[in-house]
Each structure stands twice: as C-alpha cells, then as structure tokens.
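J.: With the sequence up front, the predicted model follows.
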Amino acid sequence: METKKAFDLKEELYGLDQEKEVKKNTVSQADKLIKIASNFKLFHDDTKEAYAFVNNEAIKARGSQFKQLLAKGLWQAENKAPNTDAIYQALNVIEAKAIFDGECIKLHNRVAEYESKFFYDLCNGRTVEITKLGWSIVDTYPILFKRYPHQQKQVEPQKGGDIQRLFNFLNVKEKKHRILSLVYPISCLVSDIPHPIFHSWGDRGSGKTTQSVVYKRLLDPSKLDVLITPRDHGELVQILEHHYLCLFDNLSSFPNWLSDLLSQACTGGGFSKRRLYTDDEDVIYQIMRCIGLNGINLLISRPDLMDRTILLHLERIEPDKRKEWKILLQEFEAERPYLLGCFFDVLSKAMTIYPSVRLSNLPRMADFMTWGVAITEALGYKAEDFIEAYQANIQSQNAEIVNSNTLAQAVLNFMANKDKWEGTVSEAYKELSDLVTVTREDSTFPKHSNKLRKQLERIKSNLLDYGIKFTIADFNTGKGVPISFQKIEKVSSVSSKRTETNHINDLQAEDTFKIPEDTHYVCSGHNPLKNNDFEDTEDTEDKIPILLEAKCNQCIREQTCMLLPGQSALCGGPF
C-alpha cells in the first residue's frame with residue numbers, strides 16, 4: 001500500500017508530464033507571428049535588405065510599420081499582444097526567409113523606368129505609366145516602389161492644363177530662365193540619369209522658397225516641403241535616400257564636405273554607414289537624386305559642383321505683386337493636377353523626340369543636355385532656345401567660379417599681357433603669389449608650391465573658357481618641375497545651334513591635351529597633367545627626383561627619355 005508521501009510525489013510527476021505535453025502542443029507567439037508574415041510576399045532588394053509586399057507597397061521587415069502589422073494580426077486572432085522577445089525571434093526568421101528564400105527585387109523611389117516606359121508613384125497603390133503614346137493611371141505595374149513616412153499621396157493628374165500657368169507661382173521673367181525652369185522639373189521625371197543641381201538665389205522676398213515648394217509638391221510631395229541644412233555626412237545620406245527630390249532651403253554656408261557629397265549624389269554614388277547595434281555590418285545606399293538649394297547668396301564656389309549646377313538669380317518681388325502665402329497655395333493646389341498632367345504630356349512627347357537627338361562633344365551633364373533638347377522641343381520651343389539658355393548658364397557658372405577663385409584671378413592677371421610663359425612650378429607660384437593677397441580663410445589659393453598642380457587642375461576647364469591653357473610636367477629637370485601657360489582660342493562649352501543633321505559642333509567642357517612636338521616626356525606613358533602623390537606631401541615640387549636625358553631607340557618619334565640616375569630606360573628600350 002502506497003504511502004501518502006509517495007502518492008503525492010506520483011501525482012506531482014504526473015502533473016508535470018501533463019504540463020510538458022500541453023507546452024509541447026502549444027504554438028509559441030513567435031511561430032504565430034511567422035505564420036502571419038507568411039501571408040505576405042517576402043523578398044530582398046539588391047543591398048540584401050529584407051522586405052514584405054503589403055497592399056502594393058514594399059515595407060521593410062525590420063521597420064516599425066511591419067512590426068505593427070504583425071502585432072495587429074496577433075491581436076485580431078487571439079486578443080493578445082506579442083511580447084518583445086516573440087517579435088525579435090520572429091523577425092530573425094522572417095528576415096532570413098526574405099533574404100535566402102525570397103527573390104531579389106530592385107526598389108525605386110517615386111520614379112522608375114522599365115522596358116522603355118516611365119512610372120510615377122502616386123503613393124496610393126497606383127502609378128502613372130508614361131509611354132510615347134501618352135500616359136494613364138494604372139493599378140498594376142511591373143516594378144516596386146519603396147515609401148517613407150514623410151511621403152504624401154500625389155494628386156491625381158488631369159489633362160487639359162496650360163503649362164505656362166506654372167509661372168503664376170514662380171518669379172521667373174526672362175525667356176531663357178523660363179525654359180530652364182520648365183525643362184528642369186520635367187527632366188526629374190526621367191529616372192536613372194544625372195540631373196544638375198538647381199540653385200536659385202536672390203534677395204529676401206524673391207520667391208526662392210516658393211519655387212522650391214512648388215517643385216516639391218509637383219514632383220515629390222512630402223510633409224517636408226523643404227529641408228534644412230544637414231549637420232553631418234550620415235544625416236545627409238539618410239535625407240538623400242528618403243527623398244527623390246531633395247530641396248535645401250535658405251542655406252547661408254556651404255562646407256566642402258557638403259559640396260563633395262552633393263557632387264556624388266546628383267550623378268550617382270554609393271554610401272554606407274554602420275548598422276545599428278553591430279560592429280562591422282554596413283547599411284548600403286546607392287543614390288542618384290534630384291537636388292535643389294537656395295539662399296540669399298550664391299553658395300557654390302567649387303568647380304566640380306558648379307559644373308553640375310543650373311544657376312538662377314531671382315529679383316525681389318515688387319510689393320504690389322505679392323500675395324498672401326495661404327492664398328497662393330490655394331491657387332496652386334487648384335492648378336496642381338493640371339500642371340502635373342502637362343508634365344506627363346510633355347514627357348510623353350519628348351520620349352518620341354529623344355531617340356533622334358544627336359549631340360557631339362557633349363558637356364558634363366550629357367544626359368540632361370540630350371533630354372533637355374527633347375523636352376524643349378516637346379514644349380514647343382526650338383532646340384536652340386534651350387542650348388543658348390544652357391550655354392549662358394554655363395558661362396555664368398564659369399564667371400562665378402573665376403570671380404570667386406583667387407588662383408584663377410591671379411592666372412588671368414599674370415597672362416593679361418603675355419601670349420606664353422614658361423618656367424618652373426616654384427617660379428610660377430612666386431609670380432602668382434605676388435599678384436594677390438591671400439587670407440587665411442581663402443582655400444582657393446595653394447598654401448605651398450607643391451599644391452599648385454592640384455589647384456590648377458580644379459579650374460582647368462574654367463581657364464580654357466578664358467583662353468588660357470597650362471601644362472605641368474611629371475618630372476624634375478634639376479632646376480624644377482616645368483610648367484607653361486599659353487593663350488589659345490577660347491573653348492566654348494556648348495554651341496549655339498542645332499544643325500539639321502542633329503550634330504552640334506564645339507560642344508565640349510574640357511580641352512583635349514596633346515603633347516607638343518618638341519616636348520621631352522617620360523616613356524612610361526604618364527600624363528603630364530595627371531595629379532600624383534608628390535602634391536600630397538609637404539615637400540616642394542622642386543624635390544621630385546631629378547630625371548636625366550638620354551636617347552632611347554624605342555620611344556615614339558625618337559623622343560628623349562627621362563631617366564632616374566643609374567637606371568635604364570623606363571620604357572625598357574635600348575640606347
């Protein structure tokens with residue numbers, strides 16, 4: 001006969017077994033959340049970021065919106081809220097399934113091109129499909145868009161508008177400026193090409209912010225019409241990733257890091273940052289964005305960014321022509337659907353013109369130039385109207401760079417009464433330094449002679465537009481590194497006419513370097529204008545190792561080969 005103690009122990013063990021059996025048959029919250037997620041298409045993009053396809057929208061698997069969706073699904077099924085651990089465990093599995101089992105799909109922000117068609121995301125589950133035959137709003141489409149919380153639904157575009165009514169809201173009066181102010185926003189609907197930065201500036205009350213707001217609401221409506229100056233590199237990259245059209249308002253300064261990053265972002269660049277809570281994992285961004293900025297003063301001075309910019313100076317609006325902001329926005333909102341429809345009309349017509357546009361010796365923003373000609377003709381203007389407007393803009397860019405660059409001013413003054421000058425880098429640096437007064441804050445004039453090459457290269461195309469060409473050797477003759485300045489015929493950045501054969505001559509931004517017949521050069525094939533590591537040291541250019549002259553039987557045109565003391569020919573040729 002069992003004692004009571006033994007009986008109680010047996011009952012306890014039996015109860016534990018039953019509890020284990022119940023737990024074994026119980027589905028965990030994490031498993032339930034994974035099952036809820038299986039109702040959606042899981043996939044990853046080309047940077048291995050996990051997504052779920054929900055209501056015609058790509059949602060990040062790790063994002064708060066998808067977490068809320070899972071929590072809602074569990075609450076609807078069981079009236080229970082998932083605990084934090086369950087969500088964390090479920091997301092690990094969901095992310096793995098999306099990356100390893102899901103397909104790779106490229107995602108787009110607001111605008112996309114697919115099979116010779118353009119698609120514009122209305123952010124309401126529908127898109128505008130633009131073809132050569134016209135445009136229409138469609139519910140199904142072959143590409144996916146990613147969306148961010150700040151983005152707003154676009155109004156439904158309407159046909160029958162007048163695109164010139166856009167200037168009821170823009171303070172732009174001159175014809176050439178109006179053409180650029182129309183071509184630029186319409187070109188932003190063309191995805192995957194570099195777009196110039198649209199930079200307007202002028203006095204207070206000149207309509208700079210209004211223009212930015214109008215462009216933003218027409219192309220990429222957002223709760224943030226305009227953006228303030230980002231504080232650092234990481235913040236700017238995130239802003240660029242989240243906005244298709246990034247418009248920075250009322251800038252007062254423009255640091256070099258911002259200039260460099262925007263130069264990459266408007267033509268296309270890859271950026272990365274450390275993933276949160278990891279040591280070495282990266283979040284990768286591949287960005288090509290449409291960018292605009294405005295301020296009271298002209299902000300851009302660096303040639304590399306200026307070459308990618310459309311400049312528009314705005315005059316102060318006369319008091320009797322001002323409107324209250326609220327009234328102006330009401331009038332614009334009434335017109336917005338029709339203006340947007342006009343944009344799509346023009347783009348559709350430009351798509352038929354674009355294949356026939358042929359330009360030779362293209363400027364730096366070649367894709368924009370080509371599409372600009374097509375859009376201009378679709379607007380009803382002549383191609384030459386856009387070319388002349390764009391040429392005038394490039395000339396104003398060049399003038400602004402030269403006027404704000406101390407080194408460029410020094411070179412122009414130095415060559416004012418000369419056709420040619422030859423000497424060494426050290427001699428040139430001394431001559432140029434004597435012509436200017438350089439402040440500590442001035443970064444446009446080199447602090448040492450060994451930085452002269454690098455600074456001159458930055459303004460090479462600008463000096464060519466003023467008819468001055470320079471040549472710097474890649475060797476030291478013993479007396480110094482040879483340099484020469486020479487006056488040439490001015491190089492035109494763009495032509496002023498489109499010919500009937502669709503060829504535009506003299507459309508170039510930079511002069512092609514040719515080795516003069518009497519020049520001694522290094523047989524290794526170094527470009528005499530190429531920057532090298534010598535300028536990255538504190539040594540002067542005169543300390544570059546001296547090269548000796550010797551006759552080489554293998555060099556082209558029997559040039560003299562420059563040798564380091566005690567070495568054989570750099571080209572390997574016999575003597």
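T.: Sure, I can see it.

J.: what about the helices in the stretch 251-400 of the chain?
T.: Under the criterion DSSP state H, counting those that start in this stretch, the stretch 251-400 of the chain carries helices at the ranges 256-267, 303-306, 325-353, 366-379, 383-404.

J.: rank those by pLDDT, which is bottom?
T.: For these, the weakest mean pLDDT is recorded on helix 303-306, namely a mean of 78.

J.: how about that helix: buried residues?
T.: Buried positions in helix 303-306, judged by neighbour count with 16 or more other C-beta atoms under 10 Å: 303, 305-306. In short, each C-beta sits where N, CA and C put it, glycine included.

J.: now stretch 117-126
T.: 117-123, 126.

J.: mind listing what the spatially most central residue of the chain touches?
T.: The structure's the chain has its C-alpha centroid closest to residue 266; by C-alpha atoms, centre = their mean the separation is 1.7 Å. Residues in contact with residue 266 (C-beta atoms under 8 Å, 6 or more residues apart in numbering) are 194-197, 288-291, 308.

J.: Repeat that for residue 333.
T.: If a contact means C-beta under 8 Å, 6+ apart, then residue 333 has residue 155 as its contacts.

J.: which residue packs closest to residue 443, ignoring adjacent ones?
T.: Spatially, and ignoring its direct neighbours in sequence, residue 443 is nearest to residue 256 (7.6 Å; C-beta to C-beta, 6 or more residues apart in numbering).

J.: just checking, the one you found touches residue 302?
T.: Yes: counting by C-beta atoms under 8 Å, residue 256 does reach residue 302; the two are 7.1 Å apart.

J.: The two: which has the busier surroundings?
T.: With neighbours defined as other C-beta atoms under 10 Å, residue 256 and residue 302 compare such that residue 302 has more, 19 against 11.

J.: show me the contacts for that one.
T.: 256, 259-260, 263, 458.

J.: same question, residue 110
T.: 120-121, 145, 151, 219-220, 244-245.

J.: Quick check: which of those residues has the minimum pLDDT.
T.: Lowest pLDDT among the contacts of residue 110: residue 145, 90.

J.: Kindly state the pLDDT recorded for residue 75?
T.: Reported pLDDT for residue 75: 93.

J.: does it count as helix, strand or coil?
T.: Following DSSP: H, G, I helix; E, B strand; the rest coil, the label given to residue 75 is helix.

J.: any idea how far the residue nearest to the centre of the chain is from residue 221?
T.: 21 Å (C-beta to C-beta, to the nearest Å).

J.: How much space separates residue 252 from residue 210?
T.: Taking C-beta to C-beta, one finds residue 252 at 19 Å from residue 210.

J.: quick one, which of these two is more surrounded?
T.: Higher neighbour count among residue 252 and residue 210: residue 210, with 19 against 9, using other C-beta under 10 Å.

J.: okay but that one is in contact with residue 169, surely?
T.: Yes: counting by C-beta under 8 Å, residue 210 touches residue 169, with 6.6 Å between them.

J.: can you pull the pLDDT of residue 251?
T.: Confidence score, pLDDT, at residue 251: 88.

J.: Excluding covalently adjacent residues, which one is nearest to it?
T.: Nearest one to residue 251, counting by C-beta to C-beta, 6+ apart, is residue 295 at 4.3 Å.

J.: so what's the one you found bridging to?
T.: residue 201 (DSSP bridges).

J.: What is the neighbour count of it?
T.: 20.

J.: check contacts around it.
T.: Contacts of residue 295 (C-beta under 8 Å, 6+ apart): 201, 208, 250-252.

J.: ok, back up a step: identify, from the buried residues of helix 303-306, the entry nearest to residue 451.
T.: Distances from residue 451 to the buried residues of helix 303-306, taken as C-beta to C-beta, are shortest for residue 303 (15.6 Å).

J.: quick one: the closest one and residue 456, what's the gap?
T.: For residue 303, the distance to residue 456 - C-beta to C-beta - is 11 Å.

J.: ok, the contacts of residue 295 vs residue 435, which is closest?
T.: Once C-beta to C-beta is applied, the member of the contacts of residue 295 that ends up nearest residue 435 is residue 201, at 29.3 Å.

J.: what's the neighbour count on that closest one?
T.: 19.

J.: ok, now the one 3 residues further on?
T.: Counted by other C-beta under 10 Å, the residues lying close to residue 204 total 8.

J.: Next: residue 143.
T.: Neighbour count for residue 143, taken as other C-beta under 10 Å: 16.

J.: measure it to residue 110 for me?
T.: For residue 143, the distance to residue 110 - C-beta to C-beta - is 12 Å.

J.: low pLDDT regions in this structure?
T.: Applying pLDDT under 70 to the chain flags residues 1-25, 271-283, 361, 490-575.

J.: Domain-wise, how is it divided?
T.: As assigned by automatic domain parsing, the chain contains the domains 21-101, 163-342, 405-563.

J.: Need the winner for burial among those domains.
T.: Mean neighbours per residue, mean count of other C-beta atoms under 10 Å, is largest over the domains of the chain for domain 163-342, with a mean of 18.

J.: what about it, how long is it end to end?
T.: One end of domain 163-342 sits 6 Å from the other (C-alpha to C-alpha, to the nearest Å).

J.: Also stretch 464-480?
T.: Chord length of stretch 464-480, first to last residue, is 25 Å (C-alpha to C-alpha).

J.: Could you do stretch 141-160 as well?
T.: For stretch 141-160, the end-to-end distance is 25 Å (C-alpha to C-alpha).

J.: Now do the buried residues in that stretch.
T.: Buried, per 16+ other C-beta under 10 Å, within stretch 141-160: 141, 143-147, 151, 154-155, 157.

J.: what about the helices in the stretch 101-250 of the chain?
T.: Using DSSP H, counting those that start in this stretch, the helices of the stretch 101-250 of the chain run over 175-187, 208-219, 233-242.

J.: Same list, those helices, but as JSON lines with distance to residue 95 please.
T.: Compiled in JSON lines, those are given as follows (distance: least, C-beta to C-beta, whole Å):
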{"stretch": "helix 175-187", "distance to residue 95": "38"}
{"stretch": "helix 208-219", "distance to residue 95": "33"}
{"stretch": "helix 233-242", "distance to residue 95": "20"}
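
J.: out of those, which comes closest to residue 59?
T.: helix 233-242 (14.5 Å).

J.: now the angle from that closest one to helix 256-267?
T.: 20 degrees (axes from the mean of the first three to the mean of the last three C-alpha atoms, to 10 degrees).

J.: From the contact counts, what lies against helix 233-242?
T.: Here helix 233-242 touches helix 256-267, strand 269-274, strand 282-287, going by 3 or more C-beta pairs under 8 Å, 6 or more residues apart in numbering; DSSP states H and E.

J.: Now these in JSON lines, please, with extra columns for distance to residue 388.
T.: Putting the helices and strands packed on helix 233-242 into JSON lines (distance: least, C-beta to C-beta, whole Å) gives the following:
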{"stretch": "helix 256-267", "distance to residue 388": "23"}
{"stretch": "strand 269-274", "distance to residue 388": "31"}
{"stretch": "strand 282-287", "distance to residue 388": "32"}
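
J.: Can you check which of those gets nearest to residue 78?
T.: strand 282-287 (34.5 Å).

J.: Restricting to C-alpha, output stretch 285-296 in PDB.
T.: The C-alpha trace of stretch 285-296 is given here as PDB (Å, rounded to 0.1, in the frame of the first residue of the first chain):
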ATOM      1  CA  TYR A 285      22.800  53.300 -50.000                       C
ATOM      2  CA  GLN A 286      23.000  53.600 -53.800                       C
ATOM      3  CA  ILE A 287      21.900  57.200 -54.500                       C
ATOM      4  CA  MET A 288      21.200  59.300 -57.600                       C
ATOM      5  CA  ARG A 289      18.900  62.200 -56.700                       C
ATOM      6  CA  CYS A 290      17.400  65.400 -58.000                       C
ATOM      7  CA  ILE A 291      18.700  68.200 -55.800                       C
ATOM      8  CA  GLY A 292      18.000  71.800 -55.400                       C
ATOM      9  CA  LEU A 293      19.100  74.500 -53.000                       C
ATOM     10  CA  ASN A 294      18.600  78.200 -52.400                       C
ATOM     11  CA  GLY A 295      20.000  81.100 -50.400                       C
ATOM     12  CA  ILE A 296      20.400  84.800 -50.400                       C
END
